[in-house]
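A.B. asks: Model the structure of this input:
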Amino acid sequence: MSDRLTELQRQRALIQGHLAWLDQEIVAATGKPAMRSDFPLPAVKPVETVPMATAAVEPLADELIAKFGAEPKGTVQDARKGCVLWFIFAMVLLGLGIYGLILHSRSLHAHDTPPVKKPALESTETR
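C.D. replies: Numbering: from 1, shown residues only. The predicted structure is shown next:
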């Protein structure tokens, strides 16, 4: 079998096991049997659940949010300022690149043009 087929079969077995566990939990919570599926489900070991002390977790969560939470308004302004600065930086680099190409192009074609002769100055006394 190919690795892809093996992986797909493994994923299918995991999902079927999870569905079987959900059925067991629904039966335990409501007392009514869940809908039966047409495909056979693998045997599932019961999952040990650890009860959470929600009363102890909520103050800790609020404390962590207060300690590490950032102001969203300041974050948005910082991001906007950073984007504007990067845009300006990119435009300066683009301008310098174009200017450099123009200078380079002029230096390559400078020998192609004949020298410009200056016209002789005419005297104003010939009249």
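A.B. asks: following the helix or strand of the chain with the lowest mean pLDDT, which helix or strand comes up?
C.D. replies: Scoring the helices and strands of the chain by mean pLDDT, DSSP states H and E places helix 54-68 at the bottom, with a mean of 72. Using DSSP states H and E, the helix or strand that follows helix 54-68 towards the C-terminus is helix 72-109.
A.B. asks: and Ile26, how many residues sit next to it?
C.D. replies: Residue neighbour count, defined by other CB atoms under 10 Å, stands at 14 for Ile26. Yep, even glycine has a C-beta here, placed from its N, CA and C like the rest.
A.B. asks: Remind me which helix or strand it belongs to.
C.D. replies: Here Ile26 is assigned to helix 3-30, by DSSP H and E.
A.B. asks: What are the buried residues along that helix?
C.D. replies: Within helix 3-30, the residues scored as buried using 16 or more other CB atoms under 10 Å are Gln16, Ala20, Asp23.
A.B. asks: so can I have TSV of the residues you listed showing pLDDT?
C.D. replies: As requested, these are arranged in TSV below (pLDDT from 0 to 100):
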residue	pLDDT
Gln16	89
Ala20	87
Asp23	84
